[in-house]
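[1] sequence-free structure coming up:
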C-alpha cells in the first residue's frame, strides 16, 4: 500500500440561501476533510459559517473550495480569465473563508479548486501559478490540494506550497491524468462496488489509473467523494469502512506534515 494513512475529503457548503445541496451533516460524520464553497460557484456567508462550525464539531479539517463566479452553472462551465484575474478571484474567496473560520476560531488548512476552474488550472501552468499566488498571499502555510502530474502540482512545488495529492473515488481519468469530461458516459461513477475497486487498485499500486489503463505513480494523500453525487453518503460510508478494513487509518494526517 502507498501509505498507512489516508484522508477522505468532500466538497461541502454548496447550497445558496434556502437552497441546499447534498447531505453535509451526514458527510461531516464520515469524512476527515471538508472543502467549503466560498460564495462564487455556491455558498454564502451563512452557509459557510454553518459548515465551518459543523466541521469543527466533528473534528473535520476545513479548507477553501474556490470556483468560478457562476452560480447558474455551478462553476462547471469554463470561463476565460487572465492570470491576474485568477489570482484576484482565488485570494478573494480564500480570504472570505479565512474570515468566516476566524469567527469560529477554527484554523483553515488548505485550498482545493472547484469544477471547471480546477480542470483549467490543471492544464495551464500560468493559471495554476496564479492560483498558488492567491493562496500564498492569504496564508503561505495553507496547503494546495492538487491533481498528481498536473500543472497545479508543479505550481505548488515552484511556490513552496505544501501539496496534498488527491485522487477521486467517483470520477474516471483521461489519458493525460486530468479528470474525464463529466458529460462523457461513465465519467462519474455511481456503483459502489466499482468505486471500491478503482480506489483499492490506485492505493495498492500507488498510482493514478486512467480509463485506458495508463498509470501515473504518485503519492496519495486524500480521496475525494463529491457531495453532490447521488448516494454520496452511502459511498463515503462504504469507502471509509473498506479503507479501515484494509488497514488504513482514515484521518487528515497530512496536516501534521
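    Structure received. Please read these numbers as outputs of a predicted model, since none were measured by experiment.

[2] could you use CA atoms for every contact and neighbour count after this?
    Fine.

[3] got the contact list for residue 120?
    78, 127 (C-alpha atoms under 8 Å, 6 or more residues apart in numbering).

[4] any idea how far it is from residue 189?
    To residue 189, residue 120 is 22 Å away according to C-alpha to C-alpha, to the nearest Å.

[5] you'd agree residue 28 is up against residue 53?
    No - look at residue 28 against residue 53 with C-alpha atoms under 8 Å: they stay out of range, at 10.7 Å.

[6] who has more neighbours out of those two?
    residue 28 (24 against 20; other C-alpha atoms under 10 Å).

[7] can you count the residues close to the residue nearest to residue 32 when sequence neighbours are not counted?
    In space, residue 32 comes closest to residue 60 once its chain neighbours are excluded; the distance is 4.8 Å by C-alpha to C-alpha, 6 or more residues apart in numbering. Neighbours of residue 60 under the rule other C-alpha under 10 Å: 22.

[8] in contact with residue 60, which residues?
    28, 31-34.

[9] tell me the pLDDT at it?
    In this model, residue 60 is scored at 97, pLDDT.

[10] can you tell me how far it sits from residue 248?
    Taking C-alpha to C-alpha, one finds residue 60 at 17 Å from residue 248.

[11] residue 6 now?
    7 Å.

[12] residue 21 now?
    Distance, residue 21 to residue 248, by C-alpha to C-alpha: 29 Å.

[13] and the helices in the stretch 101-250 of the chain, which stretches?
    Counting by DSSP state H, counting those that start in this stretch, the segments of the stretch 101-250 of the chain that form helices are 115-123, 125-138, 151-159, 192-205, 232-245.

[14] nearest to residue 221, out of those helices?
    With C-alpha to C-alpha as the measure, helix 192-205 is the member of the helices of the stretch 101-250 of the chain nearest residue 221 (9.9 Å).

[15] just checking, what packs against the closest one?
    Packing contacts for helix 192-205, counted by 3 or more C-alpha pairs under 8 Å, 6 or more residues apart in numbering; DSSP states H and E, involve helix 232-245.
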